[in-house]
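In: Kindly return the folded structure for what I paste below:
(one chain, ligands or ions: 2)
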Amino acid sequence: MNSSESTALIVIDVQNDFCPGGALAINKGDEIVAPVNKLMDQFNNIVFTQDWHPEDHVSFAANQPNSAPFETIELSYGTQTLWPSHCVMGSNGAAFHADLDTSKCQMIVRKGFRSKIDSYSAFFENDHTTATGLHGYLRDRSISNVVMVGLATDYCVAWSAIDAANLGLETTVVLSACRAIDLDGSLEAQTQAMKRAGVNLVETL
Ligand code: VGL
Ligand code: ZN
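Out: Ligands and ions are numbered 1, 2, ... in the order given. Reported below is the predicted structural model:
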């Protein structure tokens, strides 16, 4: 169905720390592992992203004075939500969920590895300017359509999908294979933002 060479499945941040028991656990985050594994059968091109932070990362509340997780602070590139320390590079929390089938993944994009800047999107860091390299990779492989699944719907999936659409990629998010953090209405706000950007939101493929 989506087996064309010009389409890629982008699997966002299916990592232990975003699943139940993890440092930034998303409600039922692990429920998407089986559907994501199944979806991979439909694609010839598969890319994973992996949230990958140094211990002194700016987005960790523990690294900001008088701060608690889920508060926001103002940084040079805009408002930054503070998180529990998560996906520390090389840790078990940063590893992919043990049941995720990684065998067909062709490319892993790590993001958020600079101490002073976060990166929700698979394409640009949170300054909306520093590229991760994924756009060039897709362009070089003549991939013009992306289908996105993963964690979290309202953060890394939404930011990635909006950037993809703005870059001119035909972009679809499969909601049944995503789960949200939903902080202060973020799921509804980001759903609307994805629609405004022209992202196709579907329940299943
Ligand atoms: C994410 C918050 C912080 C995500 C990553 O994968 O959606 N959310 N880091
Ligand atoms: Zn992160």
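In: Show me the strands in this structure, by range?
Out: 7-12, 45-51, 72-75, 78-81, 107-111, 145-151, 170-179, 200-202 (DSSP state E).
In: Return the residues of this structure in contact with ligand 1.
Out: Contacts of the chain with ligand 1, taken as CB under 6 Å from any ligand atom, map to 13, 18, 51, 83, 120, 151-152, 155-156. Backbone N, C-alpha and C define where each C-beta goes, glycine included.
In: how far out from the middle of the chain is stretch 87-105?
Out: In terms of CA atoms, centre = their mean, to the nearest Å, the centre of stretch 87-105 is found 13 Å from the chain centre.
In: err, stretch 23-42, not the other one
Out: Stretch 23-42 sits 12 Å away from the centroid of its parent chain (CA atoms, centre = their mean).
In: Now that stretch: average pLDDT?
Out: Mean pLDDT, stretch 23-42: 98.
In: thinking again about what came up before, I'd like the residues of the chain next to ligand 1 written out as CSV, with distance to Phe96 added.
Out: Below are the residues of the chain next to ligand 1 laid out as CSV (distance: CB to CB, whole Å):
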residue, distance to Phe96
Asp13, 9
Phe18, 10
Asp51, 11
Trp83, 19
Tyr120, 18
Leu151, 11
Ala152, 15
Tyr155, 18
Cys156, 14
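In: Done for today, thanks.
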